[in-house]
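Engineer: next one to model:
(one chain, ligands or ions: 2)
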Amino acid sequence: MTSPEIATAVEHARRANVTMVIGESDAGKTTLVTALAEALATRGLAVGVVDADLGQSEIGPPTTIGLGRVRGPLARLADAEVVALHFVGATSPAGNLPATLGGMRKMLDRARDAGLDRVLIDTTGLIAGELGRVLKQAKIELADPDLVVCLERAGECEHIVRPYRQLARPVVLRLPIPGAARSRGPEERRRYRQGRLQAYFASARSVALDLERIVLRGPAGEEVASAEAAGGGFDSALVGLEDRARDTLGLAVVRRMDAEKGTLHVDTPVPEERIAVVRIGRETSPE
Ligand SMILES: Nc1ncnc2c1ncn2[C@@H]1O[C@H](COP(=O)(O)OP(=O)(O)O)[C@@H](O)[C@H]1O
Ligand SMILES: [Mg+2]
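Structural biologist: Ligands and ions are numbered 1, 2, ... in the order given. Reported below is the predicted structural model:
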């Protein structure tokens, strides 16, 4: 992308409270979101980024949607200050649509509560086919962005934004994929995800949670009887930890359930005192 194109995107995003960037994997979405966040913050605006890419996460670890605040120039989006997280429990929205959409909406509400006046939404590269269309159109309906920026080579986003052509909002801005954008294969993406999770757990400690005092919930939020969970191969599960308000505090890895003592042993960097809910996801630990 040339600088006139970035300048055009900045001009549009400057007038939009909520901007969503879509495009396939490696289209340059995160790079553009980072450039926009810096440019808007430098103009004195309170800028938030909702990182709705569950796998190639920058804000918060993989399996979460993160809300970050950007106050000025930053080397990479991962340097944004984390304001809130929402544990989705998976590294792909496929098969996890309600949790992904609900989490994105929750982070947008948090951005509004935090008084952020410009919010940029970074998204997964899942745009192809029916699933891509349904996912992205649902995101647009729920987030109600003022602006959607499509990074595309040959109209890949067209099937998603077509219905908005006659409508007043969102404004749709189409930009070419930057020549410098570099494709990463599935293996490189997997390594990135694992690396981010390992870095997250680098400061983890072992914690014994009292099952009498925590609520155990499944991926859709349903309560799980602990005996049932213990019988269900719960060891090594990657779980989300929530406080009493059901806000995500962070992640943990389940080590074992001690049914006799009524304790659940987990590794986590989250302070033990605030943990009120353990939410089971669909992934296992990074090792
Ligand atoms: N404008 C650009 N200039 C230089 N490199 C870029 C540019 N846009 C993307 N890249 C590079 O291409 C790769 C993919 O970009 P990224 O922003 O991560 O894409 P996406 O978020 O759409 O998957 C990264 O290695 C990134 O550094
Ligand atoms: Mg990205």
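Engineer: am I right that Arg196 sits in a strand?
Structural biologist: No: counting by DSSP: H, G, I helix; E, B strand; the rest coil, Arg196 is not part of a strand but helix.
Engineer: which residues does it contact?
Structural biologist: Ser57, Pro61, Pro62 (CB atoms under 8 Å, 6 or more residues apart in numbering). (C-beta placed from N, C-alpha, C; glycine too.)
Engineer: closest one of the residues you listed to Lys139?
Structural biologist: Ser57 (16.3 Å; CB to CB).
Engineer: distance of Arg256 relative to ligand 1?
Structural biologist: Separation of Arg256 from ligand 1 (CB to the nearest ligand atom, to the nearest Å): 37 Å.
Engineer: what about that residue, which helix or strand?
Structural biologist: Using DSSP states H and E, Arg256 sits within strand 248-258.
Engineer: any idea which helix or strand comes after that strand?
Structural biologist: strand 263-268.
Engineer: pull up the pairing partners for that following strand, direction included.
Structural biologist: strand 205-210 (antiparallel), strand 248-258 (antiparallel) (DSSP bridges).
Engineer: and Glu158, what is it in contact with?
Structural biologist: Glu152.
Engineer: and it, what pLDDT?
Structural biologist: Predicted confidence (pLDDT) for Glu158: 97.
Engineer: again with Val215
Structural biologist: pLDDT, Val215: 93.
Engineer: please name the bridge partners of the residue nearest to it when sequence neighbours are not counted.
Structural biologist: What sits nearest to Val215 in space, not counting adjacent residues and going by CB to CB, 6 or more residues apart in numbering, is Val277, at 4.8 Å. On the basis of DSSP bridges, Val277 is bridged to Val215, Glu242.
Engineer: burial measure for Val277, as a count.
Structural biologist: Using other CB atoms under 10 Å, Val277 has 22 neighbouring residues.
Engineer: Gly195 too?
Structural biologist: 12.
Engineer: give me the below-cutoff pLDDT ranges for the stretch 1-150 of the chain.
Structural biologist: Applying pLDDT under 70 to the stretch 1-150 of the chain flags residues 1-2.
Engineer: strands of that one, start to end?
Structural biologist: 18-22, 47-51, 64-70, 81-87, 118-122, 147-152 (DSSP state E, counting those that start in this stretch).
Engineer: and Ile214, which of the ones you listed is closest to it?
Structural biologist: strand 81-87 (14.7 Å).
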